[in-house]
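**Student:** Sequence and predicted structure below; questions after.
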Amino acid sequence: MSFVVPAFAVIPVTEASQFLAQQPGNGDNGGQGEDFGKSSPVGFLILILFLIAVALLVRSMTKHLKRLPESFDEPAAAPEAAEAKADAEEPVAKTEKPTAKSD
C-alpha cells in the first residue's frame with residue numbers, strides 16, 4: 001500500500017516540512033549558546049585537583065609496593081634450618097592450659 005498525497009495538499013505539506021526543519025528562532029538554539037562547549041575556570045580547578053590526587057595516590061602505592069617482599073613463598077632452606085636448630089636445643093616441657101568445664 002502506498003501513500004499518495006492529493007494534488008491540492010502538495011504545497012501545504014512541503015511548506016510545513018520546511019517550517020518544521022528550521023532551527024528555532026527564539027534564541028534558545030537547543031541549549032547551544034555562545035558559551036557551549038567552553039570550559040570554566042572551576043572545571044579547570046577540579047581537573048587540577050584530580051591530577052594532584054592521582055599523583056599522591058601513585059606515590060603512596062609505590063611506597064607500599066616497595067615494602068612488599070620479593071616473594072610470599074617461604075624459602076626451602078628455612079624449614080631445614082629451623083629443624084636443625086630445634087634438634088640442637090633441649091626439648092622444653094609443654095604446659096597444658098586449663099580447660100573450662102561446661103555444666
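**Tutor:** Alright, I've got the coordinates.

**Student:** Quick check: mean pLDDT of the longest helix along the chain?
**Tutor:** Secondary structure of the chain per DSSP state H: the longest helix is helix 41-67. Confidence over helix 41-67, taken as the mean pLDDT, stands at 96.

**Student:** Stretch 71-80 too?
**Tutor:** Mean per-residue pLDDT for stretch 71-80: 71.

**Student:** which phi and psi does residue 39 have?
**Tutor:** Taking degrees, to the nearest 10, you get phi -90, psi 150 for the backbone angles of residue 39.

**Student:** Could you pull up the contacting residues of it?
**Tutor:** With contact set as CB atoms under 8 Å, 6 or more residues apart in numbering, residue 39 has no partners. Bear in mind the C-beta positions are built from the backbone N, C-alpha and C, glycine included.

**Student:** what about 10 Å?
**Tutor:** Counting by CB atoms under 10 Å, 6 or more residues apart in numbering, residue 39 makes contact with residue 47.

**Student:** Relative to residue 60, how far out is it?
**Tutor:** 29 Å (CB to CB, to the nearest Å).

**Student:** What of residue 35?
**Tutor:** 38 Å.

**Student:** Which pLDDT value does the model give residue 95?
**Tutor:** 65.

**Student:** go on, the one 5 residues further on?
**Tutor:** The predicted local distance difference test score for residue 100 is 66.

**Student:** residues near residue 71, how many?
**Tutor:** As a burial measure, the neighbour count of residue 71 was computed by other CB atoms under 10 Å and equals 7.

**Student:** Check residue 70 too.
**Tutor:** A count of nearby residues for residue 70, using other CB under 10 Å, gives 5.
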